[in-house]
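*Asks:* here is a sequence with its predicted model. Questions after.
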Amino acid sequence: MKKLINRLLKAKPYPTPALPDDTRVYCIGDIHGRHDLLVQLLSRIRQDSAGFSGRVIMIYLGDFIDRGPQSREVIEELMRNTQPNIEYVYLRGNHEQTMLDFLHNDTVGLAWFTYGGQATLASYNAVGDKEMPNQREDFIAIQRQLLKKLPHAHYQFLKSTSFSYSIGSYFFVHAGIDPDCPLSRQKPDDLLWIRSEFTGSTKPFEKIIVHGHTITDEPELLPNRIGIDTGAYASGILTCLVLQADQQRLIQTRPE
């Protein structure tokens, strides 16, 4: 019993929610081509932030594209809808990474199509004649079309996205982290793709991990992580996590 008590006393505590004074963070989960929901959510965020005069940071957790029908419009909105008094952080999701990979490597095309890439290609008017190509020459043709149709500014935007961001006691990332690796040594593949090894862990991390990628019916506000991918492309629920001091709250769109 004494050993157990000593072990519990030595156990690493969960991080305490905290942000710098006079700072508010708005963090938006996976959009997946739902420009309509993004516009609704941004309107609600503008209303929410209207009376706040401190530092405002807007963080997007990646997966702006694929699955939903308006990937191009989402990218346009993110590039256009900025305000000088707000700091913006755009994180890269595995879907953005796959699109970037496809621009240089046609062999990832089949995998991209299986999880929503065709919707993005359609939004840029770059889909080939076949609904589901299975020949390499088909994907090469689609790749060439996308290279022609993709605005250079969109490409530069996607390339400029970051893998993570940290402030206060929070660490923001698209998918999650390797639970057994320090935050300073995380690999990009894990930050973009990890799932069950991370979401199944109850151990305290160095910081509270805020992430998307893994869809849940409701946001998960846990002691070691906060997941806010509520499957907007299918559910109609796009989630924004609002952080200030030690407070955590949500703003969401709701299906009509």
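*Replies:* All right, it came through fine. Numbering: from 1, shown residues only.

*Asks:* how far off centre is stretch 115-135?
*Replies:* 22 Å (C-alpha atoms, centre = their mean, to the nearest Å).

*Asks:* list of residues touching that stretch?
*Replies:* 32-33, 65-73, 95, 98-99, 102, 109-110, 113, 138-139, 141-142, 145-146, 148-150, 233 (C-beta atoms under 8 Å, 6 or more residues apart in numbering). Yep, even glycine has a C-beta here, placed from its N, CA and C like the rest.

*Asks:* can you rerun that using 7 Å?
*Replies:* 33, 65-72, 95, 98-99, 113, 138-139, 141-142, 145-146, 149-150 (C-beta atoms under 7 Å, 6 or more residues apart in numbering).

*Asks:* just the ones of those residues in helices?
*Replies:* 71-72, 95, 98-99, 113, 138-139, 141-142, 145-146, 149 (DSSP state H).

*Asks:* now stretch 82-92: mean pLDDT?
*Replies:* In this model, stretch 82-92 carries a mean pLDDT of 95.

*Asks:* list the buried residues for that stretch?
*Replies:* 89-92 (16 or more other C-beta atoms under 10 Å).

*Asks:* what does stretch 237-254 give?
*Replies:* Buried, per 16+ other C-beta under 10 Å, within stretch 237-254: 237-244, 248, 251-253.

*Asks:* again with stretch 49-68
*Replies:* Quick answer for stretch 49-68 (16+ other C-beta under 10 Å): 49, 55-68.

*Asks:* quick check: the farthest pair among those residues?
*Replies:* R55 and R67 (33.1 Å; C-beta to C-beta).

*Asks:* what strand or helix carries S166?
*Replies:* If you go by DSSP states H and E, S166 is part of strand 164-167.

*Asks:* no, scratch that, I was asking about D189
*Replies:* Using DSSP H and E, D189 falls in helix 188-193.

*Asks:* summarise which helices and strands that helix is packed against.
*Replies:* Counting contacts by 3 or more C-beta pairs under 7 Å, 6 or more residues apart in numbering; DSSP states H and E, helix 188-193 packs against helix 94-104.

*Asks:* related to what we said a few turns ago, can I get the buried residues of stretch 82-92 in JSON lines including distance to S184?
*Replies:* Putting these into JSON lines (distance: C-beta to C-beta, whole Å) gives the following:
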{"residue": "V89", "distance to S184": "18"}
{"residue": "Y90", "distance to S184": "21"}
{"residue": "L91", "distance to S184": "17"}
{"residue": "R92", "distance to S184": "18"}
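
*Asks:* looking at those residues, which one is closest to Q156?
*Replies:* Closest to Q156, out of all of these and judged by C-beta to C-beta, is Y90, at 11.7 Å.

*Asks:* what about that closest one, which SS state?
*Replies:* State at Y90, reduced to three classes by DSSP: H, G, I helix; E, B strand; the rest coil: strand.

*Asks:* assess the claim that it and S164 are in contact.
*Replies:* No: in terms of C-beta atoms under 7 Å, Y90 does not count as a neighbour of S164; the distance is 11.8 Å.

*Asks:* I figured F52 hits D22, correct?
*Replies:* No: with contact defined as C-beta under 7 Å, F52 does not reach D22; the gap is 9.0 Å.

*Asks:* list the buried residues for stretch 114-133?
*Replies:* Under 16+ other C-beta under 10 Å, the buried positions of stretch 114-133 are 116-121, 123-124, 126-128, 133.

*Asks:* so how far is it off the chain centroid?
*Replies:* 22 Å.

*Asks:* ends of that stretch, how far apart?
*Replies:* One end of stretch 114-133 to the other measures 11 Å (C-alpha to C-alpha, to the nearest Å).

*Asks:* only alpha carbons, please: show stretch 178-189 as CSV.
*Replies:* Only the C-alpha atoms of stretch 178-189 are listed here, as CSV (Å, rounded to 0.1, in the frame of the first residue of the first chain):
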residue,chain,number,x,y,z
ASP,A,178,3.0,9.9,-30.4
PRO,A,179,2.2,9.4,-26.7
ASP,A,180,5.7,8.1,-26.0
CYS,A,181,7.7,10.9,-27.7
PRO,A,182,8.4,14.4,-26.3
LEU,A,183,6.6,17.2,-28.1
SER,A,184,9.9,18.6,-29.4
ARG,A,185,10.6,15.3,-31.2
GLN,A,186,7.3,14.5,-32.8
LYS,A,187,7.4,13.2,-36.4
PRO,A,188,5.2,14.9,-39.1
ASP,A,189,3.6,11.6,-40.1
